[in-house]
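>>> Just need the structure, nothing else, for what follows:
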Amino acid sequence: MLLFSGAPLAAPPGEPIDDPVVVEPSASRLGLVLTDYASFPQSNPTPAPTDVRLMRHARINTIMEVPDGSGRRAVPDLNGNLYLVKNGVPHVYLDVAATFAPQFFSGRGLGQGFGYVTFHPDFAGNGKFYTIHTEQASQVTVTPDFQQSGTTLFHGVVNEWTATDPAADTFAGTRREILRVGFAGQIHGIQEINFNPTARRGSSDYGKLYLAVGDGGIGVRTTDPQNLALLHGKLIRIDPAGTNSANGKYGIPADNPFAAQAGALGEIFAYGFRDPHRFSWDRATGKLYLGHIGEKSTEAIYEVRPGDNMGWSEREGSLVFDKTATNVCDRLYPLPPNDADFGYVYPVATYDHNPAPGWNCTDDVGVAVAGGFVYRGNDIPALRGKYVFGDLVAGTVFYTEASEMRRGRPPATIHRLHLFTPAGESVRMQQLSGPGAPGNPERVDLRFGTDSRGELYILAKANGKIWKVTGLATFADEPVGNTRVRNTAGAANWAPVTPAKWQFTNREIILAEAGAERPGPRRPFEYAVLTKGPAFSSVEINASVRLDTPVEISNRDVIIVFGYQSDTQFYYAHLSSDNTIYPHNGIFRVDNADRFRIDYQWNGRSRGANPAITDASWHSVRVKHVPSTGEIAVYVDGCADPVMTAVDRTFSSGRVGFGSFDNIGRTRDFTVTGTPAT
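Predicted structure coming up:
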C-alpha cells in the first residue's frame, strides 16, 4: 500500500532509514506555458572559479517588481550587477561588485556574490532598497557583528541604499552598512532578504526586513542552528529604521518572539535551519512558506510562524538526524515516541534528493529545492491557490495545493508540472535553458519570481534567461479521433509472439506463461498484437489489466503496446510494482536497438514514477498517444492525472497490443479509439 505523498518510510526503532520519502512527486496533466521575457548578458565570477557549478551564463537569482508603479523589474546577478528591466530589456542599475571591490567575491560557494535585493515598500518616496553580498574575510579588516566559532571565511554584508531620485534608471545616492555576519564555511550564507508584501501600512510587520541566514555549512557537525545566541541557521526579522540593535544600525522589533528572552538574540524570528534558501508569503492568507535545502536527502517546504524550531541539525525534515553516524547514509532515524516534547515543526511538503557524490545512498527525484510562490495572479485562474516551486538543479517544476499544506497533517501531494512553449510544444527546462556550461550541461539553476500583480516568472542561470508564465495547458489534450475497436477478446483478434503461451476467453486475453528472451534488441519477451481493426495514428487504449505473478515478486509487470511497426519497432507502457530499476514502470521505445526509457518520471539513475500496480486486483488503464505532438500519457484507475508521461516522435502510427516483459497477466474490456493511420 502506498503512503501519502511525502510520507517518511517507517523503520524499526533504532534502525536507520535509507529512503526517507517513499512516494515520489506525481505526474500532472497540467503544464505551464512559458513565454520569453528577458535575456541577460554573460557575467563571470570573481575570482575565476574552478567549480563548474558556478560557470553559468549569468547567475541571475530572482525577479521582482520595483514598488513604485513604474512597472520596472529588478534582477540581481550573483556576479555583481543589479539590473532593472523595462519592456523586457535589462540595463545595469547598480554595479554592486565594483562598489565593494576588491573585497567582493563570487567565485567560490554557490551562493556567494551579490545574492539578493529587495525594495522598501515605500521606495517610491524614500528611495531605499537593500542588498546582500559576500566579502572574503581575508581581504577585510572589519569585525563582523556576529560570527561562528572557528576561522571566519567570508562575511555576508547587508547594505541599505538610498536613491536620490527613485525614478532614475541608474542609481545615484548613498549607502550604509547595517549588518555584517561572519561564516566559518564556504556555503549557506545569507540567502534571501525581503519585506512581507501582505503587511499593510501601519501594521507591526510593515517595513520589517526578513533575512534567511544559513548555517555556514557547518551545522551538520555543530549545534549552531539550535543556538539562540547565534544568528546562523535562523530566519531573522529586523527594523532597518530602528537603532536598538547591538551595533545601533537597525532595530529589533518588540514583537519578535525572542526579543525579551534572556540569552537569545532578539533578531531571531524562527530557527533550526540548514539552508533556508527562499521564502514567500501567500498574498491571500498571509502565510509564510520557506523552501529549505536538506543535507542527507530531504527537500522541504515549511510554513513558518514566529518562534518556530524546524529542528536542524537534530532533525532533517520529519526524521531524527544523527551527526555522529560513521556511514553518511545511516544518519536518518524514525522519530522517538516522545517527539512531541521537543516542539519541532515539520514540513508541509517534502521530496527526496539524490545523495552527494561518493555517498552510496538511495537515488531519488531531485537535488535541491527552489522555493516558490502561491499563485494569486489574475491571468491564469486555474493556477490560483497552487504553490509553484521546483528543483533548482534538475529544473523540474512542481506544485502543491496551498490548501493541502497544513502543519501537523501529512505532507501535501507534490505534482510535477509540464512545461510548454507558446506554440504548445511540450519541453523540459533543460531544453529551454540549454546548452549549459561545458562539463555541467544539465544543471538549470532554476529560480522563481513574481511581479506586483502576482504573476509568475521562471529564471535559469544556465543561459541567463527569464520566462513569464502566461498560461496553463493540459498535456496530451488533443482529441484522438472517433474510430473505435471494441469486443476484442477472442484468439482470432490477436497475434501473439508465442501462441502456446496464451489463452483467450469470451472476455479475457490471458498471458498464462512467462515469455523467454529472444535474439535481437532487448524488448518485452512476450506480447500479442491486436489485429482487429486498423493501425492508428492518434490513439487511446482503455483496458482493465491484472498482474497474475504473485505479489511476493517485486518486479512483476504487464505492458501495453502502441505505435507497433514490427517486432523491433514499437512503444510500450510498462506497468509494474517496481519503480527502482531501469526496465520497469515507465514508457519505452524499441527501435531496432535495446529498449530505451523515455518517460519524464525516470531520474536517469534508479527511480521512476510511483508503482503503477502493486496488488493482484483488476485495474483500469488508459494509454494515450498523440503523434502530432509526440505526447504519451498513461493513466491508472481513472485518475485525472497520469502516472507517467513522455514525449517522443519516432513512430507516428502503428498497432496496439498487450503482454509482459517476463511475467504473466491478463486484460479484458480492451478497447481502442483513435484515427486510422493513412
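>>> distance from the centroid: which residue in this structure tops it?
Among the C-alpha atoms of the chain, the one most distant from their mean position (CA atoms, centre = their mean) is that of Ala492, at 48.8 Å.
>>> which ones are touching that one?
Taking CB atoms under 8 Å, 6 or more residues apart in numbering, we find Ala492 in contact with Lys532. All C-beta atoms are positioned from the backbone trio N, CA, C, and that covers glycine.
>>> can you confirm it is in a helix?
Yes - assessed by DSSP: H, G, I helix; E, B strand; the rest coil, Ala492 belongs to a helix.
>>> Distance check, it against Leu530.
The gap separating Ala492 from Leu530 is 11 Å, by CB to CB, to the nearest Å.
>>> Could you list the low-pLDDT ranges of the stretch 301-450 of the chain?
The stretch 301-450 of the chain contains residues with pLDDT under 70 at 354-360, 362-365, 436-439.
>>> Break down it into its strands, ranges please.
Secondary structure of the stretch 301-450 of the chain (DSSP state E, counting those that start in this stretch): strands at 315-316, 319-321, 332-333, 349-352, 369-374, 386-391, 397-401, 415-420, 426-427, 446-450.
>>> Now tabulate those in CSV and tack on mean neighbour count and distance to Arg407.
Output for the strands of the stretch 301-450 of the chain, formatted as CSV (neighbours: other CB atoms under 10 Å; distance: least, CB to CB, whole Å):
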stretch, mean neighbour count, distance to Arg407
strand 315-316, 22, 15
strand 319-321, 21, 17
strand 332-333, 22, 21
strand 349-352, 28, 11
strand 369-374, 27, 15
strand 386-391, 25, 14
strand 397-401, 24, 14
strand 415-420, 23, 20
strand 426-427, 18, 35
strand 446-450, 24, 23
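>>> Nearest to His574, out of those strands?
Distance to His574, taken as CB to CB, is lowest for strand 415-420 among the strands of the stretch 301-450 of the chain, at 18.6 Å.
>>> what's the closest one in contact with?
Contacting residues not belonging to strand 415-420 are listed as 25-28, 30-34, 388, 396-400, 426-429, 432, 471, 473, 475, 600-601, 641, 645 [CB under 8 Å, 6+ apart].
>>> Out of those, name the ones that lie in helices.
For those, membership in helices holds for 429, 432, with DSSP state H as the criterion.
>>> Whichever of the contacts of strand 415-420 end up buried, select them in PyMOL.
Buried residues among those (16 or more other CB atoms under 10 Å), as a PyMOL selection:
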select buried, resi 25+26+27+28+30+31+32+33+34+388+396+397+398+399+400+426+428+429+432+471+473+475+600+601+641+645
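>>> Could you save the strands of the stretch 301-450 of the chain as JSON lines and add columns showing distance to Asp308?
Formatted as JSON lines, the entries for the strands of the stretch 301-450 of the chain read as follows, by distance: least, CB to CB, whole Å:
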{"stretch": "strand 315-316", "distance to Asp308": "12"}
{"stretch": "strand 319-321", "distance to Asp308": "17"}
{"stretch": "strand 332-333", "distance to Asp308": "21"}
{"stretch": "strand 349-352", "distance to Asp308": "16"}
{"stretch": "strand 369-374", "distance to Asp308": "16"}
{"stretch": "strand 386-391", "distance to Asp308": "18"}
{"stretch": "strand 397-401", "distance to Asp308": "19"}
{"stretch": "strand 415-420", "distance to Asp308": "26"}
{"stretch": "strand 426-427", "distance to Asp308": "38"}
{"stretch": "strand 446-450", "distance to Asp308": "23"}
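>>> so which of those strands gets nearest Gly272?
Shortest separation from Gly272 across the strands of the stretch 301-450 of the chain is recorded for strand 315-316, at 7.4 Å, computed as CB to CB.
>>> My read is that Val181 contacts His155, right?
Yes - between Val181 and His155 there is a contact under CB atoms under 8 Å: 6.7 Å.
>>> before we move on, the earlier item: any idea which of the strands of the stretch 301-450 of the chain gets closest to Ile17?
Between Ile17 and those, the tightest spacing by CB to CB is seen for strand 332-333, at 4.7 Å.
>>> Which strands border the closest one, and is each parallel or antiparallel?
When pairs are called by DSSP bridges, strand 332-333 turns out to pair with strand 319-321 (antiparallel).
>>> Grab the longest strand from the chain for me.
Taking DSSP state E as the assignment, the strand of the chain that covers the most residues is strand 26-39.
>>> Packing partners of whichever helix or strand comes after it?
Read in the C-terminal direction, the helix or strand following strand 26-39 is strand 64-65, with elements assigned using DSSP states H and E. Here strand 64-65 is seen to pack against strand 73-76, strand 114-119, strand 446-450 when contacts are counted using 3 or more CB pairs under 8 Å, 6 or more residues apart in numbering; DSSP states H and E.
>>> Export the last one to PDB, keeping only CA atoms.
As requested, C-alpha coordinates have been extracted for strand 446-450 and formatted as PDB (Å, rounded to 0.1, in the frame of the first residue of the first chain):
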ATOM      1  CA  LEU A 446      16.200  27.300 -11.600                       C
ATOM      2  CA  ARG A 447      14.700  30.300  -9.700                       C
ATOM      3  CA  PHE A 448      11.200  31.900  -9.400                       C
ATOM      4  CA  GLY A 449       9.900  35.400  -9.100                       C
ATOM      5  CA  THR A 450       6.700  37.500  -9.200                       C
END
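>>> Show me what the helix or strand just after it is packed against.
Past strand 446-450, further along toward the C-terminus, the next helix or strand under DSSP H and E is strand 456-460. For strand 456-460, the elements it packs on are strand 26-39, helix 429-433, strand 446-450, strand 465-474, judged by 3+ CB pairs under 8 Å, 6+ apart.
>>> redo that, cut-off 7 Å
Counting contacts by 3 or more CB pairs under 7 Å, 6 or more residues apart in numbering; DSSP states H and E, strand 456-460 is packed against helix 429-433, strand 446-450, strand 465-474.
>>> And those: which comes nearest His584?
Taking CB to CB as the measure, the helices and strands packed on strand 456-460 were each checked against His584, and helix 429-433 came out nearest at 24.1 Å.
>>> got a list of contacts for the closest one?
34, 395, 397, 419, 442, 444, 446, 460, 462-463, 465 (CB atoms under 7 Å, 6 or more residues apart in numbering).
>>> out of these, what pair is the most spread apart?
With distance counted by CB to CB, no two of these lie farther apart than Leu34 and Glu442, which are 18.5 Å apart.
>>> Could you pull up phi and psi at the nearest residue to Ala616 once chain neighbours are set aside?
Spatial nearest neighbour of Ala616, excluding adjacent residues (CB to CB, 6 or more residues apart in numbering): Val551 at 5.8 Å. Reported as degrees, to the nearest 10, the phi and psi values for Val551 are phi -70, psi -20.
>>> Do you know the pLDDT at Val551?
At Val551, the pLDDT value in this model is 95.
>>> what's the spacing between it and Thr152?
Shown here: Val551 relative to Thr152, a distance of 57 Å by CB to CB.
>>> Which of these two has more residues huddled nearby?
Neighbour tally, Val551 and Thr152, criterion other CB atoms under 10 Å: the higher count belongs to Thr152, 19 against 12.
>>> Need phi/psi at the more buried one.
For Thr152, the backbone dihedrals (degrees, to the nearest 10) come out as phi -80, psi 130.
>>> For Ala423, see how far away it is.
Relative to Ala423, and taking CB to CB, Thr152 is found at 52 Å.
>>> Residue ranges in the stretch 1-150 of the chain under the pLDDT threshold?
Counting by pLDDT under 70, the stretch 1-150 of the chain contains low-confidence residues at 1-13, 22.
>>> Tell me where the protein has helices.
Counting by DSSP H, the helices of the chain are 96-100, 123-126, 429-433.
>>> can these go into a markdown table with extra columns for distance to Ser617?
Formatted as a markdown table, the helices of the chain follow (distance: least, CB to CB, whole Å):
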| stretch | distance to Ser617 |
| --- | --- |
| helix 96-100 | 61 |
| helix 123-126 | 61 |
| helix 429-433 | 37 |
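>>> And the ones you listed: which comes nearest Ile301?
For the helices of the chain, distance to Ile301 was read as CB to CB. The smallest value, 19.3 Å, belongs to helix 429-433.
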